[in-house]
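A.B. asks: Pasted the sequence and its predicted model underneath.
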Amino acid sequence: MHPTPTAGSAHAVVDSRNVTFEQAAMPWPPQGAPLAGTPRATDFPLSSEPVETGIWECSPGSWRTVVQGYSELMHFVSGRATITDADGRRLDVGPGVVLFVTDGWEGTWEVHETVRKSYCITRTA
């Protein structure tokens, strides 16, 4: 078994399937209202500079999002969701799916079953 680091620790091996979140889940999205349901999300940050990394989890619901000022690589480790871009292309995500969105990406998330992902964010602005 790998040790679970404290948030923001410099070096650690983390099994993202077994992280215990230290902060309470907050209403999601942080700006605006969800399109459906009452999604709540929490985050376990691992690093913040120069690249932001961590583990994020969100309960069922849907919302629109616009990626502004960053690009993000996501690796889903549990749950199920459908992510639809502004052109209507749908991607069903679940364990093992990797998704990369670039600055300016727009779309809709629909979480069917609580999702957990590890993420890597690079700021572009």
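C.D. replies: It's in.

A.B. asks: switch to C-alpha atoms for all contacts and neighbour counts from now on
C.D. replies: Fine.

A.B. asks: Now do the helix or strand hosting Arg116: which elements does it pack against?
C.D. replies: Assigned by DSSP states H and E, Arg116 falls within strand 106-123. Here strand 106-123 touches strand 52-58, strand 61-66, strand 70-85, going by 3 or more Cα pairs under 8 Å, 6 or more residues apart in numbering; DSSP states H and E.

A.B. asks: Rebuild the ones you listed as JSON lines, extending it with mean neighbour count.
C.D. replies: Converted to JSON lines, these look like this (neighbours: other Cα atoms under 10 Å):
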{"stretch": "strand 52-58", "mean neighbour count": "20"}
{"stretch": "strand 61-66", "mean neighbour count": "19"}
{"stretch": "strand 70-85", "mean neighbour count": "19"}
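
A.B. asks: residue ranges with poor pLDDT in the protein?
C.D. replies: Applying pLDDT under 70 to the chain flags the ranges 1-13.

A.B. asks: Buried ones in stretch 92-110, by neighbour count?
C.D. replies: The neighbour-count criterion (16 or more other Cα atoms under 10 Å) identifies 93-94, 102-103, 106-110 as the buried residues of stretch 92-110.

A.B. asks: ok, of those, which one's closest to Asp85?
C.D. replies: Gly107 (4.0 Å; Cα to Cα).
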